[in-house]
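Asks: I would like to see how this sequence folds:
(chains A and B)
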Amino acid sequence: EDQVTQSPEALRLQEGESSSLNCSYTVSGLRGLFWYRQDPGKGPEFLFTLYSAGEEKEKERLKATLTKKESFLHITAPKPEDSATYLCAVQTNSGYALNFGKGTSLLVTP
Amino acid sequence: EPEVTQTPSHQVTQMGQEVILRCVPISNHLYFYWYRQILGQKVEFLVSFYNNEISEKSEIFDDQFSVERPDGSNFTLKIRSTKLEDSAMYFCASSERQGDQPQHFGDGTRLSIL
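Replies: Got it, this is the predicted structure:
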C-alpha cells in the first residue's frame, strides 16, 4: 500500500531559524511529488512539483529536494508569514490522484 | 490570478438529506477533482473527472456520491442520504492537464451533518 509520512507533525521556529520538513514515501511507482501550503480555513496552495531523484526547486525562502525515498522542504530564514501547514502529496504511475501526508504545522514566531 | 471557487463555504444538513456542493474550476482547465478532509485527518482523494466522465475514483466514492458538470463552468458533487461521518471539508481542484500540471484547489466547503 502506498504511504506518505511527514515529520515532524509540528514545528516551532524563531524568525530567521532555518529548518527542514521531511516527507518520506513508499509507493509502487512515483510519477511526481507535490508540496502544498495550507493556511487555516483555506485550500491547499501549490508550491512545487518534483519528478525525479536529485531534482530541486526553489521559491523565495523555500527549497524542495527529492531522493528515491523522501523529499525535504528546506525553509531558510523563515518569517512569521511562513506559518502554515505544509502538505506533501505523491502521484503514482497508476493514476493522477494525489495521496497526501498528514502535514507539518509550522509556526514561526517573531 | 485565476482561482477555483467553491460554494457554499459552509453547509449544514440533517442526516439523511441530500446535498450538492458546487465548484467553478479555473476556466481553461480540463480535469476536475474532489477531495475531502475530515477534521484532524489527511486530505483524501474522492474522484477525478474529464470529458464528462469519471476517470478515477477511490474506495470512498461509492454509490452515495455522484459528480456532474451541468454546464460549461460548474462542477458539482452530490451526496445522497448523508451520514454523520460525511462531515468534512470538501475541496474541489482542477488542472490544465494531467501529469505535468499541478492541481489547484479551492478553499473548500465545510459540510456539517446533524
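
Asks: hey, let's count contacts and neighbours off CA atoms from now on
Replies: Will do.

Asks: flag every residue of chain A that's near chain B.
Replies: A:31-32, A:34, A:41-46, A:49, A:95-103 (CA under 8 Å from any CA of the partner chain).

Asks: could I have the buried ones of the residues you listed as ChimeraX selection syntax?
Replies: In ChimeraX syntax, the buried subset of the residues of chain A next to chain B is picked out as below (16 or more other CA atoms under 10 Å in any protein chain shown):
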select /A:31,32,34,43,44,45,46,49,96,97,98,99,100,101,102,103
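
Asks: which ones among the residues of chain A next to chain B are found in strands?
Replies: A:31, A:32, A:34, A:45, A:46, A:49, A:99, A:100 (DSSP state E).

Asks: how about the residue of chain B found nearest chain A, secondary structure?
Replies: Taking CA to the nearest CA as the measure, chain B has residue B:107 as its residue closest to chain A, at 4.1 Å. Put simply, residue B:107 is coil when judged by DSSP: H, G, I helix; E, B strand; the rest coil.

Asks: name all residues that make contact with it.
Replies: Counting by CA atoms under 8 Å, 6 or more residues apart in numbering or on different chains, residue B:107 makes contact with A:41, A:42, A:43, A:44, B:4, B:5, B:6, B:9, B:91.

Asks: lowest-confidence entry in these?
Replies: Among the contacts of residue B:107, residue A:41 has the lowest pLDDT, at 90.

Asks: I figured residue B:97 hits residue B:49, correct?
Replies: No - using CA atoms under 8 Å, residue B:97 is not in contact with residue B:49; the gap is 11.8 Å.

Asks: what about these two, which has more around it?
Replies: residue B:49 (20 against 15; other CA atoms under 10 Å in any protein chain shown).

Asks: the more buried one: which element?
Replies: strand B:43-50 (DSSP states H and E).

Asks: just the buried positions in the next helix-or-strand element following that strand, please.
Replies: Later in the chain than strand B:43-50, the nearest helix or strand by DSSP H and E is strand B:53-57. Buried positions in strand B:53-57, judged by neighbour count with 16+ other CA under 10 Å: B:56, B:57.
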